[in-house]
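# Here is a sequence together with a model predicted from it:
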Amino acid sequence: MESAPAAGSAGDEALDAASTPVPGLPVGEGRSRSSLPDVPAVADVRRVPVPSAPLGSPLRDLPDAQLVALGCKGDTQALELLYRRHSAFAIHLAARIEGSAHDVEDIAHDAFLRAFERLNDLTDRGAFRSWLGAIVVHAVRSRMRRQRLLNVLGMGKSAEPVDLDAIASSDASPHTRAQIAQIYALLRTLPTDDRIAWTLRAVEGHDLETVARLTRCSLATVKRRISRAQHFLDDHFIDATNEGSSPDLAASPDHKEVPS
């Protein structure tokens, strides 16, 4: 059985390293815009056509909790507004975990369908966004694990190349883009759960408790997964300007926690 890294150990150092953002990546859901380049999210690159709600709709300014309550009663306009409000978040999250914009719109659409089908199960109606995020993470995880199995059986397709246009800042230098491409290529060799946990922590900038909620596992398990992934990256990442060093990570920004 795995044991969690002891306090003050190299495991804690790995978690600290994973809490600092990779330079050149756009602002993640858990990040402060003041600390990273202000660039478009993936939804600005690959837009999802979303029908507009009627102008002057009385529902437009309602909080999520009230829209969810209406949606539970079959109000289609409330569901439409929830989709409109959170679709970019869902697409962006899927793309950053995948490292590619391929099929992320379908993943997001499926996540919304599952969410709307189970809307009555949401006890904290104000937490729709974080609940949807957990559904997106689970959907991406299932897709990754299915692809890995197909690859083991020799039935898988060639892996999609890392889509830098979907995950990197438009003003990132060629060197930084090369670093990001290498990081995502290394992540793809990791177990799916380790890869997702590290991405949610280091790329999206979420705190450990939020990563645990999004991945539906314990805090101790999240710490183990992130620590393993960070150690792997530390051991294998090669900086062309300083061979053998780990990525030059920027200072940790203030985190904006996803509502519980």
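Received the coordinates, thanks. Numbers count the residues shown, from 1 in each chain.
# List the buried residues in stretch 185-196.
For stretch 185-196, a neighbour-count test (16 or more other Cβ atoms under 10 Å) marks 186, 187, 188, 190, 192, 193, 194, 195, 196 as buried. Just so you know, the C-beta spots here come from the backbone N, C-alpha and C atoms, and that holds for glycine as well.
# Over to residue 170. Which of the three states is it?
Here residue 170 is coil, with the state taken from DSSP: H, G, I helix; E, B strand; the rest coil.
# before we move on, the earlier item: between the buried residues of stretch 185-196, which sits nearest residue 142?
residue 192 (9.2 Å; Cβ to Cβ).
# give me the number of residues near the closest residue to that closest one other than its chain neighbours?
Closest residue to residue 192 apart from its sequence neighbours, by Cβ to Cβ, 6 or more residues apart in numbering: residue 144 at 4.5 Å. Using other Cβ atoms under 10 Å, the number of residues around residue 144 comes to 18.
# Contact partners for residue 144?
Counting by Cβ atoms under 8 Å, 6 or more residues apart in numbering, residue 144 touches 98, 192, 195, 196.
# circling back to that earlier point, name the pair among the buried residues of stretch 185-196 with the greatest separation in space.
Most distant of those, by Cβ to Cβ, are 186 and 193, 15.7 Å apart.
# shaky segments in the stretch 101-250 of the chain?
150-160, 240-250 (pLDDT under 70).
# quick one: the helices in it?
Listed in chain order, the helices of the stretch 101-250 of the chain (DSSP state H, counting those that start in this stretch) span residues 104-117, 128-152, 164-167, 174-187, 192-198, 208-215, 219-236.
# With distance to residue 86 added, can I get those helices in TSV?
Shown next, in TSV, are these (distance: least, Cβ to Cβ, whole Å):
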stretch	distance to residue 86
helix 104-117	8
helix 128-152	6
helix 164-167	19
helix 174-187	25
helix 192-198	20
helix 208-215	14
helix 219-236	23
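# Which of those helices sits closest to residue 81?
helix 128-152 (11.0 Å).
# report the angle between the axes of the closest one and helix 104-117?
Angle of helix 128-152 versus helix 104-117, following axes from the mean of the first three to the mean of the last three Cα atoms, to 10 degrees, is 130 degrees.
# Nice, that's everything, thank you.
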